[in-house]
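**Q** Predicted model and sequence below, questions to follow.
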Amino acid sequence: MLALLALLSTQALAAPTPAVQQQWYQELAERAQELADQPFSRPADSLPDALRDINYDTYRQIRFNPAQAYWQDDSRFSLQLFHSGFLFQHPVELHLVEEGNATPLTFKQSDFIYEGAAQTLEEQELSAAGHAGFRVHYPLNTQAYADEFAVFLGASYFRLVGRDQAYGLSTRGIAVDTALPQGEEFPAFRAFWLFKPDADDLSVHIMALLDGPSLTGAYHFELTPGHSTQMRVKASLFAREDVEKLGIAPLTSMFTHGDISGPGKDDFRPNVHDSQGLLIHTGAQEWIWRPLNNPASLQVSAFVDDNPKGFGLMQRERDFDHYLDLEAQYHRRPSQWVEPLEDWGPGHVELVEIPTPDETHDNIVAYWVADTPFLAGQSRQLDYRTQTLHHAPDSHSLAKVVRSRQGDAGVPGEADSASAGQRQWIVDFDGGELATLNADHPIKLRLQTQQKEAVTLAQVKALPDQQWRATFRVAETTQPVDIRLALMLEGRIISETWNQIISPAKVVSAPDA
């Protein structure tokens, strides 16, 4: 692979105009295709011994020196680098594209500040250390300071934030065989080409080469920071082997407790999560809201669709009182929305919920899976936009779910209550057309389930402040109960569709987080 990268890194280029960028991307795609025709070769273990076994605390004491940031004298954007070591054992190749040339960005110890326990590394020979990744800065919140708004670090992971947001969920270049018995594969970006932006540019362009046991890929990222930071992603993928499950535009997040799972066990914080729910805008123009959960066992849900309009993991609640966490600031975690810029055809949005004991583990994954298989020797083109959001997408104007709760339906003080063993569920809606209605309007509840014998007392009631509440009970059962509900007025759907799979464990008793 190094020979292929060398050709790209030394090639002279004109100024990075769209035409030149397209030419560069096409050549990168050709290199990725050539790479896919060769057997997979794992990166060499070239990391200096001094960096192999450093721990998390020591790694955090290595900082890039801001005074050494690239581009800062000539652009509103600036570039800082990550040191290798700790979890990042295989450095990536970085290349700066400027003044008509692509130049390898070699590792320099002088770019970094070593503090605390990391000071001993200053005396080590680290010239072969390389870089683990990079981050891009821009005056996002104030004109006086260049905030970090994008970071590429580890496998094919990257994170984005918009104005007044704090890092939360991650995005990935691709997901391979997530939640399958043989285990997930993590292809990685092996090399990046970073195009130097001009002084008045509002976007920065980055290209990357992806490689893994089953596939390779060429990527072109166009990053535009702002209140909602946007990224256009173009990719050319090439299958080296048959891929059983190809997850497109994957989002990875964390949900520990809150909402339908109830408060945490021995935790003062009522809610702990980077994302609150999965939102889908279907090809049929339906908006689906699935509250996230920390399940007792692995749960995989598929939302079948044809040409989806978009999907995302959303942090819907923005009130600090919802979390009470001054350090993690979950109320500032961004939502992330994915919008196809071409038809994706038939397939499904897949949601994976994994049990986790605490917030240190990402346990939520969402991505698109096409019905068309991705077999060895085939290629696939991707073109989509992903962006950070503070609230729902602008195109979502229906009433939205603001609360999902469950509890024991038994009557307090009655040991032999007829509703003992049942679960009471409430789903509260707000906004949209509800803001123009009062309690006299004939709002109806549409509730759909194939397990009708398990669901009783479905009804809808007006709440204060023009909110409306849907309620129902679920009887004790040994089978999962899949429920969809929405509000209707005069035969029209006026809310998003709330969806949940109520497992037997949740029917009998609310789970511990």
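**A** It's in.
**Q** How about Gln329: what's its closest non-neighbour residue?
**A** Leaving out its chain neighbours, the residue that sits closest to Gln329 by CB to CB, 6 or more residues apart in numbering is Ala166, at 5.2 Å. For glycine as for every other residue, the C-beta is placed from the backbone atoms N, C-alpha and C.
**Q** okay, that neighbour: pLDDT?
**A** pLDDT, Ala166: 97.
**Q** Confirm that it lies within a helix, as I assumed.
**A** No - per DSSP: H, G, I helix; E, B strand; the rest coil, Ala166 lies outside any helix segment and is coil.
**Q** Would you agree it is in contact with Asp325?
**A** No - if you go by CB atoms under 8 Å, Ala166 and Asp325 don't touch, sitting 11.1 Å apart.
**Q** So which of the two has more stuff around it?
**A** Neighbour count, other CB atoms under 10 Å: between Ala166 and Asp325, Asp325 has more, with 17 against 13.
**Q** Kindly report which residue of the chain is located farthest from the centre.
**A** Asp416 (46.4 Å; CA atoms, centre = their mean).
**Q** gap between that residue and Gly407?
**A** Separation of Asp416 from Gly407 (CB to CB, to the nearest Å): 19 Å.
**Q** hang on, the earlier thing: what sits against the residue nearest to Gln329?
**A** Gln329, Arg332, Arg333, Pro334 (CB atoms under 8 Å, 6 or more residues apart in numbering).
**Q** What pLDDT does the model give the first one?
**A** To tie it back to what came earlier, the one meant is Gln329. Per-residue confidence (pLDDT) for Gln329: 97.
**Q** now swap in the one 3 residues further on and tell me
**A** pLDDT, the model's per-residue confidence, is 98 for Arg332.
**Q** Quick check: chain neighbours aside, which residue is closest to it?
**A** Arg332 sits nearest to Ala166 (CB to CB, 6+ apart), 4.2 Å away.
**Q** next one: phi and psi at the one you found?
**A** When read as degrees, to the nearest 10, the backbone of Ala166 gives phi -120, psi 150.
**Q** again with the one 4 residues further on
**A** Torsion angles at Ser170 (phi, psi; degrees, to the nearest 10) stand at phi -120, psi 150.
**Q** ok, it touching Leu251?
**A** Yes - if you go by CB under 8 Å, Ser170 and Leu251 touch, sitting 7.5 Å apart.
**Q** Pull up the overlap in contacts between the two.
**A** Counting by CB under 8 Å, 6+ apart, nothing touches both Ser170 and Leu251.
**Q** State the mean pLDDT of the longest helix along the chain.
**A** The longest helix of the chain (DSSP state H) is helix 18-36. Average pLDDT, helix 18-36: 93.
**Q** Isn't Trp193 up against Val204?
**A** No - using CB under 8 Å as the test, Trp193 is too far from Val204 to be in contact (11.8 Å).
**Q** Helices of the protein, start to end?
**A** 2-10, 18-36, 49-52, 56-60, 504-508.
**Q** who's more crowded, Trp193 and Val204?
**A** Trp193 (26 against 23).
**Q** Okay, and the beta partners of the more buried one?
**A** Beta bridges link Trp193 to His95, Met207 when assigned by DSSP bridges.
**Q** residues contacting it?
**A** Contacts for Trp193 (CB under 8 Å, 6+ apart) come out as Leu8, Ser9, Trp24, Leu28, His95, Val97, Ala102, Ile206, Met207, Ala208.
**Q** got it, and Pro291?
**A** Applying CB under 8 Å, 6+ apart, the residues contacting Pro291 are Asp259, Ile260, Gln276, Gly277, Val401, Ser404, Trp498, Gln500.
**Q** What about the first one, how many residues nearby?
**A** Yep, that's Asp259 we're talking about. Neighbours of Asp259 (other CB under 10 Å): 22.
**Q** so where do the strands sit in the stretch 201-350 of the chain?
**A** Here the stretch 201-350 of the chain has its strands, by DSSP state E, counting those that start in this stretch, at 204-211, 215-224, 230-239, 246-253, 255-257, 272-273, 277-281, 287-291, 299-306, 310-314, 335-340, 346-353.
**Q** how about stretch 342-355: buried residues?
**A** Trp344, Gly347, His348, Val349, Glu350, Leu351, Val352, Glu353, Ile354 (16 or more other CB atoms under 10 Å).
**Q** Please produce a markdown table containing those, extended by pLDDT and distance to Leu79.
**A** As requested, the buried residues of stretch 342-355 are exported to a markdown table (pLDDT from 0 to 100; distance: CB to CB, whole Å):
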| residue | pLDDT | distance to Leu79 |
| --- | --- | --- |
| Trp344 | 97 | 33 |
| Gly347 | 98 | 36 |
| His348 | 98 | 38 |
| Val349 | 98 | 34 |
| Glu350 | 98 | 34 |
| Leu351 | 98 | 35 |
| Val352 | 98 | 33 |
| Glu353 | 97 | 36 |
| Ile354 | 97 | 34 |
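**Q** Could you check the pLDDT of Glu414?
**A** So, for Glu414, pLDDT stands at 77.
**Q** Identify the residue nearest it in space, chain neighbours excluded?
**A** Looking at Glu414 with CB to CB, 6+ apart, the closest residue is Ala420, at 7.8 Å.
**Q** tell me, how many neighbours does the one you found end up with?
**A** Neighbour tally, Ala420, other CB under 10 Å: 13.
**Q** and if you look at Thr497?
**A** Counted with other CB under 10 Å, Thr497 comes out at 20.
**Q** Ok, Val304 next?
**A** For Val304, using other CB under 10 Å, the count is 10.
**Q** Could I get the contacting residues of it?
**A** Applying CB under 8 Å, 6+ apart, the residues contacting Val304 are Pro346, Gly347, His348.
**Q** Okay, it and Tyr323: tell me how far apart.
**A** 33 Å.
**Q** Look up how far Ala420 lies from Glu476.
**A** For Glu476 relative to Ala420 (CB to CB), the value is 9 Å.
**Q** Between the two, which contacts overlap?
**A** Listed contacts common to Glu476 and Ala420 are nil; contacts here mean CB under 8 Å, 6+ apart.
**Q** For stretch 27-35, output the C-alpha coordinates as CSV.
**A** C-alpha atoms of stretch 27-35 as CSV (Å, rounded to 0.1, in the frame of the first residue of the first chain):
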residue,chain,number,x,y,z
GLU,A,27,-7.3,8.9,-8.9
LEU,A,28,-7.6,8.0,-5.3
ALA,A,29,-10.6,5.8,-6.1
GLU,A,30,-8.5,4.0,-8.7
ARG,A,31,-5.8,3.4,-6.1
ALA,A,32,-8.4,2.0,-3.7
GLN,A,33,-9.7,-0.3,-6.4
GLU,A,34,-6.1,-1.6,-7.1
LEU,A,35,-5.7,-2.1,-3.4
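**Q** Same question for it: list its buried residues.
**A** Leu28, Ala29, Arg31, Ala32, Gln33, Leu35.
**Q** Tell me the buried residues in stretch 393-412?
**A** Pro393, His396, Leu398, Ala399, Lys400, Val401, Arg403, Ser404, Arg405, Gln406, Ala409, Gly410.
**Q** so what's the fifth one scoring on pLDDT?
**A** Per-residue confidence (pLDDT) for Lys400: 98.
**Q** beta partners of it?
**A** Beta-bridge partners, per DSSP bridges, of Lys400: Asp430.
**Q** Cool, thanks, talk later.
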